[in-house]
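Q: my questions are about this predicted structure, shown below with the sequence.
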Amino acid sequence: MGESMAVRRLADRIRELRLATGLSQKRLGDKIGFDRAYTCQAESGRNVPSENLVAAIDTALAAGGELLKLRDEARREQQARRYGLRKAADTDRREVFELAAAGILAADTYRQWAATGPDPLTVAEVEDQVDQYAALFTTTAHDVLAPKVFDTWRQAEGRLREATRLRAHRRLTVAAGSCAYMLSRLGFNMGDTTTSRRFLTLAGDHAEDAEEPVLAASVAEMESTLAFYGGRYEEAVAVAVAAAQRFPHPYTAARLAAYEARAHAALGDDRSTREALTRMHRDAAGLRPRPGMSPFGPDLAEVFAGGVLARVGAGEEAEPIARAGLAQAHGLGFEDQGHALLSLAAALANRDRPIPDEAAAVAGRAVALLADRPTSSVAVKAREVAAGLTPWQNLPAVRDYRDQVRALPGRLAAPIGGAA
């Protein structure tokens with residue numbers, strides 16, 4: 001059955017009036033209290049939208065009942081085309097025929113609706129896999145986890161193309177976006193920033209389509225990370241601040257504040273660094289892992305504070321905090337354990353009276369973790385600590401540590417630069 005001309009006229013008129021008012025589909029949906037998916041569907045021309053939806057759009061766009069009339073025409077044409085009905089001369093008789101047709105159409109529509117798209121069990125299984133990966137993310141080697149997440153991402157994307165029901169479509173959008181986000185993190189931590197950026201772009205689109213705040217904030221967290229490790233510290237600050245304001249959520253607030261503090265520290269802004277750290281400690285909460293960024297609890301806040309304070313040169317203040325963070329790091333993932341060791345090493349190297357031997361020994365333990373679980377962010381920090389120990393490079397412990405860093409394999413390998 002070909003396209004209904006009446007449905008197309010209605011869809012085109014809705015689009016024409018919306019554009020004339022300067023509203024996006026999302027803003028129109030917000031104005032009338034419907035999800036953007038419904039306004040998008042109304043302009044697609046594939047089906048006759050509901051009377052309630054059209055009435056709301058008609059009022060919002062000041063159409064004066066025009067859209068409701070077009071919908072009525074579209075409904076009658078669609079029914080006539082489906083069941084071969086023709087107008088009858090007698091009005092009462094026509095109304096009886098249309099009412100009967102409506103009942104048949106309702107039954108047929110339900111059968112088609114029930115048979116289309118992925119079944120609920122398939123959607124739930126995809127979501128269960130995503131939840132499992134979120135729980136394992138910080139404790140499973142990246143090269144082991146990546147192919148599993150990739151397989152689930154492909155499955156979610158494939159099912160997403162089949163999803164005609166709005167609820168299933170949104171759930172699969174969130175699942176596919178969460179996998180894309182995890183693949184972005186995995187790509188970055190395996191030293192492949194190009195792949196990381198590509199998956200992050202896709203994750204951002206899915207987060208916007210689903211209007212999922214934790215996923216959207218997680219995408220921003222990765223954007224801030226890429227900017228930070230790319231040396232674009234002002235951008236890293238701006239992204240973290242904007243995300244915290246736009247997507248306020250107790251699960252994401254502490255990590256965004258931590259990443260803001262990290263970038264302020266790299267810029268040498270002590271006051272802004274401390275303000276962000278205060279917010280980080282305030283918002284840190286021991287929540288269960290969920291799709292998106294990993295949870296950021298009080299133990300990780302201690303680790304982060306020690307490293308950030310060492311970065312601004314406050315080694316004396318950072319050392320006890322970093323030691324406390326390291327003592328509590330046994331419950332954290334391997335990446336965070338590596339950063340806990342390197343935070344203490346940086347603090348020891350940035351004291352008024354540095355302890356380079358101990359700093360090198362502690363940092364060497366972090367580099368040893370990279371042998372089994374290579375992680376780009378830990379490798380970068382290890383090189384920063386090695387650079388900061390340059391004044392003591394002739395000490396045996398420091399020389400051995402710097403040799404360890406130079407021997408890092410594959411994409412983790414890079415020259416030891418200037419001081420951190």
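A: Nice, I can see it.
Q: which residues of the stretch 301-420 of the chain score low on pLDDT?
A: Along the stretch 301-420 of the chain, the model assigns pLDDT under 70 to residues 417-420.
Q: to clarify, my last question referred to the chain.
A: By pLDDT under 70, the weakly predicted segments of the chain are 1-3, 79-121, 163-165, 417-420.
Q: make it 80
A: Counting by pLDDT under 80, the chain shows low-confidence ranges at 1-4, 35, 37, 46, 78-121, 161-167, 410-420.
Q: so which bits of stretch 275-287 are buried?
A: Using 16 or more other C-beta atoms under 10 Å as the test for burial, stretch 275-287 gives 276, 277, 279, 280, 283, 284. Yep, even glycine has a C-beta here, placed from its N, CA and C like the rest.
Q: stretch 399-418 now?
A: 401, 402, 404, 405, 408, 412, 416.
Q: so which strand or helix has residue 408?
A: Residue 408 belongs to no helix or strand when assigned by DSSP states H and E.
Q: dump the residue contacts of the residue nearest to it when sequence neighbours are not counted.
A: Distances taken as C-beta to C-beta, 6 or more residues apart in numbering place residue 379 nearest to residue 408, at 5.7 Å, with adjacent residues excluded. Applying C-beta atoms under 8 Å, 6 or more residues apart in numbering, we find residue 379 in contact with 191, 370, 408, 412, 414.
Q: check those residues and tell me the two furthest apart.
A: Pairwise distances among those were taken by C-beta to C-beta; the largest, 12.7 Å, belongs to 370 and 414.
Q: anything in contact with each of those two?
A: If you check residue 370 and residue 414 against C-beta under 8 Å, 6+ apart, the residues they both contact are 379, 408.
Q: tabulate the buried residues of stretch 399-418 (JSON lines), appending secondary structure and distance to residue 23.
A: Below are these laid out as JSON lines (DSSP: H, G, I helix; E, B strand; the rest coil; distance: C-beta to C-beta, whole Å):
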{"residue": "401", "secondary structure": "helix", "distance to residue 23": "60"}
{"residue": "402", "secondary structure": "helix", "distance to residue 23": "60"}
{"residue": "404", "secondary structure": "helix", "distance to residue 23": "59"}
{"residue": "405", "secondary structure": "helix", "distance to residue 23": "55"}
{"residue": "408", "secondary structure": "coil", "distance to residue 23": "53"}
{"residue": "412", "secondary structure": "helix", "distance to residue 23": "49"}
{"residue": "416", "secondary structure": "coil", "distance to residue 23": "55"}
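Q: buried residues in the host helix or strand of residue 368?
A: Secondary structure assigned from DSSP H and E places residue 368 in helix 356-369. By neighbour count, with 16+ other C-beta under 10 Å as the criterion, the buried positions of helix 356-369 are 356, 357, 359, 360, 361, 362, 363, 364, 365, 366, 367, 369.
Q: same thing with stretch 242-258?
A: By 16+ other C-beta under 10 Å, the buried positions in stretch 242-258 come out as 243, 244, 247, 249, 251, 252, 253, 254, 255, 256, 257, 258.
Q: kindly report the same for stretch 51-61.
A: Here stretch 51-61 shows 53, 54, 55, 56, 57, 58, 60, 61 as buried, counting by 16+ other C-beta under 10 Å.
Q: in strands, which of those residues fall?
A: Per DSSP state E, strands hold no members of these.
Q: need the contact list for residue 56.
A: By C-beta under 8 Å, 6+ apart, the residues touching residue 56 are 32, 33, 34.
Q: any idea how far residue 124 is from it?
A: Separation of residue 56 from residue 124 (C-beta to C-beta, to the nearest Å): 32 Å.
Q: so residue 138 makes contact with residue 332?
A: Yes - in this structure, residue 138 is within contact of residue 332 by C-beta atoms under 8 Å, at 7.0 Å.
Q: of these two, which one has the most company?
A: For residue 138 versus residue 332, neighbours defined as other C-beta atoms under 10 Å are more numerous around residue 332 (21 against 16).
Q: so what's the more buried one up against?
A: Each residue near residue 332 by C-beta under 8 Å, 6+ apart is listed here: 138, 299, 300, 303, 340.
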